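Enquirer: model this:
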Amino acid sequence: MEYLTIGLIVGAVTGFVVGLLFAPNSGFKTRQRLANEALRVADVARGIAERAEYAAEVVGGRVEHYLGRDEEVAWRKVREIREGVQRYTQAQE
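Expert: Below is the predicted model:
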């Protein structure tokens with residue numbers, strides 16, 4: 001997904017630049033269009049980065065939740081084993 005996003009951004013910028021090079025406009029208009037397009041691309045990239053960061057936080061939270069749940073189960077089993085060993089030891093005395 002990351003490579004797709006990078007490819008789309010690079011492709012869009014490349015296509016835009018090639019289009020400007022072959023378009024019959026004055027230097028000022030061309031520079032102005034380049035600046036505007038650069039701002040637009042920066043905004044799109046910022047939005048993609050924000051969504052990716054949010055997705056990473058969500059996934060990270062879910063992983064921590066599930067790992068924590070597994071840890072709780074493991075400690076519960078350890079306590080059960082300890083209690084079983086203590087009961088067995090007391091029964092043998």
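Enquirer: Which other helices and strands does the host helix or strand of residue 57 contact?
Expert: Using DSSP states H and E, residue 57 sits in helix 27-92. Packing partners of helix 27-92 (3 or more Cβ pairs under 8 Å, 6 or more residues apart in numbering; DSSP states H and E): helix 2-22. For the C-beta atoms, the positions are set from N, CA and C on the backbone; glycine is no exception.
Enquirer: just checking, what packs against the helix it packs on?
Expert: helix 27-92.
Enquirer: Between helix 2-22 and the helix it packs on, find me the angle.
Expert: On the basis of axes from the mean of the first three to the mean of the last three Cα atoms, to 10 degrees, helix 27-92 is oriented at 180 degrees to helix 2-22.
Enquirer: and helix 27-92, how far out from the chain's middle?
Expert: Helix 27-92 sits 9 Å away from the centroid of its parent chain (Cα atoms, centre = their mean, to the nearest Å).
Enquirer: low-confidence ranges in this protein?
Expert: Across the chain, the ranges flagged by pLDDT under 70 are 1, 25, 67-68, 93.
Enquirer: in stretch 5-20, what counts as buried?
Expert: For stretch 5-20, burial by neighbour count (16 or more other Cβ atoms under 10 Å) applies to residue 16.
Enquirer: Run through who's touching it.
Expert: 30, 33, 34, 37, 41, 44, 45, 48 (Cβ atoms under 8 Å, 6 or more residues apart in numbering).
Enquirer: and it, C-alpha only, in PDB?
Expert: Output of stretch 5-20 as PDB, limited to C-alpha atoms (Å, rounded to 0.1, in the frame of the first residue of the first chain):
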ATOM      1  CA  THR A   5       0.800   5.700  -2.600                       C
ATOM      2  CA  ILE A   6       4.300   6.700  -3.400                       C
ATOM      3  CA  GLY A   7       3.900   5.600  -7.000                       C
ATOM      4  CA  LEU A   8       0.700   7.600  -7.400                       C
ATOM      5  CA  ILE A   9       2.200  10.700  -6.000                       C
ATOM      6  CA  VAL A  10       5.400  10.400  -8.200                       C
ATOM      7  CA  GLY A  11       3.200   9.700 -11.200                       C
ATOM      8  CA  ALA A  12       0.900  12.600 -10.600                       C
ATOM      9  CA  VAL A  13       3.800  15.000 -10.200                       C
ATOM     10  CA  THR A  14       5.700  13.700 -13.200                       C
ATOM     11  CA  GLY A  15       2.600  13.900 -15.400                       C
ATOM     12  CA  PHE A  16       1.900  17.400 -14.200                       C
ATOM     13  CA  VAL A  17       5.400  18.600 -14.900                       C
ATOM     14  CA  VAL A  18       5.500  17.000 -18.400                       C
ATOM     15  CA  GLY A  19       2.100  18.600 -19.100                       C
ATOM     16  CA  LEU A  20       3.500  22.000 -18.100                       C
END
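Enquirer: If anything else comes up later, I'll come back, but that's it for now.
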